[in-house]
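Asker: sequence and computational prediction follow.
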Amino acid sequence: MMNRYSSIAVIYGCDSSEWEVSCRSGEFVASRIDGSRYDVYEIFARFGSWSLVAYRRKNSMRVILPEDGRPQIDKTDFSVSVDGRKVKFDYAYIMQHGTPGENGLMQGYLEMLGIPKSSCNAFVSAISFDKFSCKNYLRGLDYVKCADDVFIRKGDSLDGLADRAVAELGLPMFVKPTDGGSSFGVTKVKKAEDFIPAVAAAFDEGGTVIAERAIAGRELTCAVYQAGGTPVALPVIEIITENEYFDYEAKYLGKSDEICPADLSEKETMMVQEASVKIYGRLGCSGCVRMDYILAEDGLYFLEINTVPGMTAASLVPKMVRTAGLDMTDFLSSIIENS
């Protein structure tokens, strides 16, 4: 099979609280990319410092570089000098959660250099990353609903804000940063007096915040990827957690059950998968993205979209891939070759 690319850069690490999860995701992806087809280079990028931490050339073992001997990435042309040779990467697999890999900054850099990548373009990434903007972009569609919310900027007056939010949204409600992930800075507010502290916690993670009506229902998630140029929905997962919601503990410390495929009727499954494919197309997504929902009595509520979803061995997308009967290496090759 002819490959479009030869030198794959897997970029992980990020400037947000999710950087450790990003590293685990990136290392997992790098280990599963087809070593018989591609040279794989692992780049750790955090706060402007980009370095090569490991690499694996075709049909060879992975080489881990010592911390004091990691070559820096040349950002002028996205290349690195290693073992006496200059390697210019011709494809980037972005596994940075949060900024700069999920909000359009890394995408914009790669687009300026003309380097293909695994994720959405810069504009789509920026719109999708901001929960408030993304919901407004999708609000009014006939196949998903969006919960009511209140938007708050850093510096806005907080006088009377709790009373207004409670009047508009009711209790309980969720307060969250518009541009965060892995549930960092998210609070389920049950009492009005807890609202302002929740806003402060959300501002610790970002510059804008939304308060969102809590929707009672079943928490579902579905991923879509490109296969042969066609968007394909993976099996739906239902998330059942012993915590108040699907928080960091539930996601990464085993405090949830992830039922795949979800115990839904055929009609409900099709509704979620079809909505996911439509959202993928409406936003103009690329690569593999994951949409999160609440299935309530009055319909399917869109929560958010993850354009760089977690890809650790225990993450949701690999679980969907396994349930679909797909091989992870082939799945990643499909994303790479369809970018």
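Answerer: Looks like it arrived, so ask away.

Asker: the helices in the stretch 201-339 of the chain, which residues?
Answerer: With DSSP state H, counting those that start in this stretch, the ranges of helices along the stretch 201-339 of the chain come out as 248-252, 266-283, 316-323, 328-337.

Asker: just to check, residue 35 is in contact with residue 55?
Answerer: No. Judged on CB atoms under 8 Å, residue 35 makes no contact with residue 55 at a distance of 11.0 Å. Heads up, the C-betas are built off the backbone N, CA and C, glycines and all.

Asker: compare those two and say which is more crowded by neighbours.
Answerer: Taking other CB atoms under 10 Å, residue 35 and residue 55 do not tie; residue 55 has more neighbours (23 against 18).

Asker: so what's the more buried one up against?
Answerer: Residue 55 makes contact with 39-42, 62-63, 65, 82 under the criterion CB atoms under 8 Å, 6 or more residues apart in numbering.

Asker: in a markdown table, list those along with secondary structure, pLDDT and neighbour count.
Answerer: Shown next, in a markdown table, are the contacts of residue 55 (DSSP: H, G, I helix; E, B strand; the rest coil; pLDDT from 0 to 100; neighbours: other CB atoms under 10 Å):
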| residue | secondary structure | pLDDT | neighbour count |
| --- | --- | --- | --- |
| 39 | strand | 98 | 20 |
| 40 | strand | 98 | 24 |
| 41 | strand | 99 | 24 |
| 42 | strand | 99 | 28 |
| 62 | coil | 97 | 14 |
| 63 | strand | 96 | 13 |
| 65 | coil | 97 | 15 |
| 82 | strand | 95 | 15 |
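
Asker: between the residues you listed, which is closest to residue 27?
Answerer: residue 42 (7.0 Å; CB to CB).

Asker: hmm, residue 10 and that closest one touching each other?
Answerer: Yes. Residue 42 lies in contact with residue 10 (CB under 8 Å); the separation is 5.2 Å.

Asker: okay, and the common contacts of these two?
Answerer: What both residue 42 and residue 10 touch, as defined by CB under 8 Å, 6+ apart, is the set 26, 30.

Asker: mind listing what residue 232 touches?
Answerer: Applying CB under 8 Å, 6+ apart, the residues contacting residue 232 are 224-226, 277.

Asker: how many neighbours does residue 239 have?
Answerer: 20.

Asker: partner residues bridging it?
Answerer: In this entry, residue 239 is beta-bridged to residue 219, residue 258, by DSSP bridges.

Asker: check which helix or strand covers residue 107.
Answerer: Assessed by DSSP states H and E, residue 107 sits inside helix 105-113.

Asker: what are the contacting residues of that helix?
Answerer: Here helix 105-113 has contacts from 11, 45, 75, 77-78, 92, 94, 96, 99-100, 116-117, 119-122, 125, using CB under 8 Å, 6+ apart.

Asker: mark which of those are buried, thanks.
Answerer: Taking 16 or more other CB atoms under 10 Å as the criterion, what is buried in the contacts of helix 105-113 is 11, 45, 78, 92, 94, 96, 99-100, 117, 119-122, 125.

Asker: and residue 30, which of the three is it?
Answerer: Following DSSP: H, G, I helix; E, B strand; the rest coil, we place residue 30 in the helix state.

Asker: show the pLDDT at it.
Answerer: Model confidence at residue 30, given as pLDDT, is 98.

Asker: one step back: ok, and the most crowded of the contacts of residue 232?
Answerer: residue 225 (26 neighbours).

Asker: so that one is in contact with residue 337, correct?
Answerer: No. The pair residue 225 / residue 337 is not scored as a contact, 11.8 Å apart, by CB under 8 Å.

Asker: returning to what we had before: now, which of the buried ones among the contacts of helix 105-113 sits nearest residue 27?
Answerer: For the buried ones among the contacts of helix 105-113, the nearest to residue 27 is residue 11 (11.9 Å; CB to CB).

Asker: can you tell me who the closest one pairs with across the strands?
Answerer: Here residue 11, judged by DSSP bridges, has bridge partners residue 43, residue 94.

Asker: that one contacts residue 100, correct?
Answerer: No. Contact criterion CB under 8 Å: residue 11 and residue 100 do not qualify, at 9.5 Å.

Asker: the nearest residue to residue 58 once chain neighbours are set aside and residue 8: what is the separation?
Answerer: Spatially, and ignoring its direct neighbours in sequence, residue 58 is nearest to residue 39 (5.8 Å; CB to CB, 6 or more residues apart in numbering). Counting by CB to CB, to the nearest Å, the gap from residue 39 to residue 8 is 7 Å.

Asker: quick one: low-confidence ranges for the stretch 201-339 of the chain?
Answerer: Along the stretch 201-339 of the chain, the model assigns pLDDT under 70 to residues 243-255.
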